[in-house]
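1. pasting a predicted model and its sequence here:
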Amino acid sequence: MSGPRPVRAPRGTRISARGWQQEAALRMLQNNLDPEVAEHPDKLVVYGGTGKAARDWGSFDAMVRTLETLADDETMLVQSGRPVGVMQTHEWAPRVLLANSNLVGDWANWEEFRRLDALGLTMYGQMTAGSWIYIGTQGILQGTYETFAAVAAKLTREGRTSDGTLAGTVTLTAGLGGMGGAQPLAVTMNGGVALCVECDPSRIDRRIEHGYLDVRADSLDDALRLVEEARAARRPLSVGLLGNAAEVLPRLLAADAPIDIVTDQTSAHDPLAYLPVGVDFADMAAYAAEKPAEFTARAQESMARHVEAMVGFLDAGAEVFDYGNSIRGEARTGGYARAFDFPGFVPAYIRPLFCEGKGPFRWAALSGDPKDIAATDRALLELFPENESLARWLKLAGERVHFQGLPARICWLGYGERDKAGERFNEMVASGELSAPIVLGRDHLDCGSVASPYRETEAMKDGSDAIADWPLLNAMVNVASGASWVSIHHGGGVGMGRSLHAGQVTVADGTPLAGEKLRRVLTNDPGMGVIRHVDAGYERAEEVAAERGVRVPMRETGDRTGTGDGGADGAGDGA
């Protein structure tokens, strides 16, 4: 069995697989492990401390071999990062089906997962790590940007800011890993000041190198000086501070620091990835491996201190929210009773977008040429000239986003928009406007693809937070619609036992068949978000379904018998 080695996706139009659908999966698997992209590529970890692209290096090599020889009517099956079979299917079927970290309910906990992981029987796939569509920190950046824009709008409505931006505010957060590394740039892109606490010095250096973080403070006093000066000048600035958030946040609270917004993006979903108070970062990995139960208890106690300080800022008038890493649940386990006094970001800011089928739509240029991304950016501006927020984002991303691995882009598009983008990109490949095919996918954190009561489905209107049928239906719909590869995962960013979610990736290779697949997948996938929120009783989702012809049987009236085509006829009957 071969061991760790540098991995980088090929560029250009010469392929080693039997077709572009297979080549796309191969390149995106490799891209997930590119040193520019992955958090710990030698360990096959893409992001989140434990999220892997393959179970082990032998499995990685087997998947590469299989993808290179896979026929256009075959499908590779991947069980938690290990290729376990190839089945004859058909050209409309996905070329790869993946299932990661899924355990039966009573066994769906960290203890059992780690036992099976130690036996080499499973792996943690996070969301886009084990589904091969991670695109580096930009992948979470745009959603984080949208979230902070929503925070800014709320503060303006409440009279706490004046212009719909974060100018003149300080956001306090922690964690600069593969997910949290997006926070400082998202804050400054919205005009604010960010103070980011991180216990790993290499992560601070990496974010500065890639342009996501502006400066590193020498001390807590230096950090406060920097953020106070920038806040007073209404000048965007992001500051990295080396330290343990469970120690730094209480100190800042006690010092009555000028903090307006507080959140967190440490790897709190997995207690073994959170640094306990009193433990040196250099000793963290060995301690977690040798005494996991003791380490977990200490980490949860530290998270309780961390969240207690967040609630202290809430009591002092700051805007405070959980950014989806399960820190509230861990803090409650650690003994802090008020852990859920502040909301998660989805019910607080994002759910209205989910009701419209909007979510994080992303794509990557298999050519490796940044010019292809610039061309797709222009195409989106032409397709949606009235979308001012999209135009603003694409302008900022073009100026400030550093590509990691294959050039890629992300933006939030909704029902009736993603399919138009996909078909346009496919036409651009066919005409030669793009030099090679484009891979189109999304985060699993999307409008209709996840059941996660601590994040995406927290506080659903009808109480259906934990109903996990929806991501399973989403995956099945995407298989039936012709996606290039489809995945079903457990755990994601909130941890074992707390989430089920599904992903899809579809390739625009310029063929008429790809165009048909893209039209179906990129209509039905966000359509799941609309019907999921219609079913939960959200009025905006009902309006969208009626306006855009999304069929929802329980909302239909009258006799549709004999309409035959099931298409637009009577599509407005719903709401």
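-> Here it is on my side, so go on. Everything numeric here is computed off the predicted structure, so don't read it as measured data.
2. need the contact list for Arg18.
-> 68-72 (C-beta atoms under 8 Å, 6 or more residues apart in numbering). Glycine gets a C-beta too; all of them are placed from N, C-alpha and C.
3. now it: how far from Thr69?
-> Here the criterion is C-beta to C-beta, to the nearest Å. By it, Arg18 lies 7 Å from Thr69.
4. rewinding a little: which among the contacts of Arg18 count as buried?
-> For these, a neighbour count by 16 or more other C-beta atoms under 10 Å gives the buried set as Leu70.
5. of the contacts of Arg18, which belong to helices?
-> Under the assignment DSSP state H, the contacts of Arg18 contribute 68-69 to helices.
6. pull up the gap between the spatially most central residue of the chain and Val450, please.
-> Compute the mean C-alpha point of the chain, and by C-alpha atoms, centre = their mean the closest residue is Asp443, 4.4 Å away. To Val450, Asp443 is 9 Å away according to C-beta to C-beta.
7. could you do Tyr349 as well?
-> 17 Å.
8. show me which of these two is the more surrounded one.
-> Each of Tyr349 and Val450 has its neighbours counted (other C-beta atoms under 10 Å); Val450 has more, 30 against 19.
9. the more buried one touches His444, doesn't it?
-> Yes: shown here, Val450 and His444 form a contact pair, counting by C-beta atoms under 8 Å, at 5.9 Å.
10. ends of stretch 534-550, what's the gap?
-> End-to-end span of stretch 534-550 (C-alpha to C-alpha, to the nearest Å): 10 Å.
11. now it: how far from the chain's centre is it?
-> Centroid separation for stretch 534-550 versus its chain: 25 Å, with C-alpha atoms, centre = their mean, to the nearest Å.
12. number of residues surrounding Ala232?
-> Ala232, neighbours per other C-beta under 10 Å, totals 11.
13. sorry, that was for Lys461
-> Applying other C-beta under 10 Å, we find 13 residues neighbouring Lys461.
14. can I get stretch 128-143 in CSV, CA atoms only?
-> Presented in CSV, the C-alpha positions along stretch 128-143 are these (Å, rounded to 0.1, in the frame of the first residue of the first chain):
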residue,chain,number,x,y,z
THR,A,128,-17.8,18.5,0.9
ALA,A,129,-14.6,16.6,1.9
GLY,A,130,-16.0,13.1,1.4
SER,A,131,-18.1,14.2,-1.6
TRP,A,132,-15.1,15.8,-3.6
ILE,A,133,-16.5,19.3,-4.1
TYR,A,134,-14.5,21.3,-1.5
ILE,A,135,-13.0,24.4,-3.2
GLY,A,136,-11.0,25.8,-0.3
THR,A,137,-12.0,28.6,2.0
GLN,A,138,-14.0,30.3,-0.7
GLY,A,139,-16.5,27.5,-0.4
ILE,A,140,-17.7,28.8,2.9
LEU,A,141,-16.8,32.4,2.2
GLN,A,142,-19.8,33.4,0.2
GLY,A,143,-22.3,32.0,2.6
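15. low-confidence ranges, the stretch 451-575 of the chain, go.
-> Scanning the stretch 451-575 of the chain for pLDDT under 70 picks out the ranges 558-575.
16. can you show me the helices along it?
-> Assigned by DSSP state H, counting those that start in this stretch, the helices in the stretch 451-575 of the chain fall at 469-481, 512-535, 539-548.
17. closest one of the contacts of Arg18 to His40?
-> Nearest to His40, judged by C-beta to C-beta, of these is Glu68 at 25.7 Å.
18. next up, the contacts around the closest one.
-> Counting by C-beta under 8 Å, 6+ apart, Glu68 has contacts 16-18, 22, 26.
19. ditto for Ala153
-> So Ala153 contacts Gly164 (C-beta under 8 Å, 6+ apart).
20. okay, it: pLDDT?
-> Here, the pLDDT recorded for Ala153 equals 93.
21. state the helix or strand in which it lies.
-> Element membership for Ala153, per DSSP states H and E: helix 138-157.
22. next helix or strand past that helix?
-> Helices and strands here follow DSSP H and E; after helix 138-157, the next one along the chain is strand 170-174.
23. what is the next helix-or-strand element following that next one packed up against?
-> Next along the chain after strand 170-174, taking DSSP H and E as the criterion, comes helix 183-189. Where contact means 3 or more C-beta pairs under 8 Å, 6 or more residues apart in numbering; DSSP states H and E, helix 183-189 is packed against helix 138-157, strand 170-174, strand 193-198, strand 237-242, helix 388-400.
24. export helix 183-189 as PDB, just CAs?
-> Below are the C-alpha coordinates for helix 183-189, written out as PDB (Å, rounded to 0.1, in the frame of the first residue of the first chain):
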ATOM      1  CA  GLN A 183     -14.900  34.700   8.600                       C
ATOM      2  CA  PRO A 184     -12.300  37.600   8.600                       C
ATOM      3  CA  LEU A 185     -12.700  38.200   4.900                       C
ATOM      4  CA  ALA A 186     -16.400  38.000   5.000                       C
ATOM      5  CA  VAL A 187     -16.500  40.600   7.800                       C
ATOM      6  CA  THR A 188     -14.200  43.000   6.000                       C
ATOM      7  CA  MET A 189     -16.000  42.500   2.700                       C
END
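25. mind listing what's buried in it?
-> Counting neighbours by 16+ other C-beta under 10 Å, helix 183-189 gives 183-189 as buried.
26. now stretch 506-524
-> Quick answer for stretch 506-524 (16+ other C-beta under 10 Å): 506-511, 514-515, 517-524.
27. give me the pLDDT for the nearest residue to Arg455 once chain neighbours are set aside.
-> Leaving out its chain neighbours, the residue that sits closest to Arg455 by C-beta to C-beta, 6 or more residues apart in numbering is Gly324, at 4.1 Å. With respect to pLDDT, Gly324 scores 86.
28. quick one: Gly324 and Ser499 touch, right?
-> No: Gly324 lies out of contact with Ser499 (C-beta under 8 Å); the separation is 9.6 Å.
29. please enumerate the shared neighbours of these two.
-> 452, 454-455, 493.
30. between the residues you listed, which sits nearest Pro553?
-> Of the shared contacts of Gly324 and Ser499, the one sitting nearest to Pro553 (C-beta to C-beta) turns out to be Ser452, at 25.9 Å.
31. so how many other residues sit close to that closest one?
-> By other C-beta under 10 Å, neighbour count at Ser452 equals 26.
32. for it, which non-adjacent residue is closest in space?
-> The spatially closest residue to Ser452, leaving aside those adjacent along the chain, is Ser499, at 3.9 Å (C-beta to C-beta, 6+ apart).
33. contacts only, for that neighbour.
-> Applying C-beta under 8 Å, 6+ apart, the residues near Ser499 are 450-452, 454-455, 490-493.
34. re the thing from before, now do the shared contacts for Val450 and His444.
-> 492, 501-502.
35. nearest to Val479, of those?
-> The shortest gap between Val479 and any of these belongs to Ala502, at 9.9 Å (C-beta to C-beta).
36. now the closest one: closest residue in space, sequence neighbours ignored.
-> Once flanking residues are discounted, Ala502 sits nearest to Ala475: 3.9 Å by C-beta to C-beta, 6+ apart.
37. what's the neighbour count on that neighbour?
-> By other C-beta under 10 Å, 26 other residues sit near Ala475.
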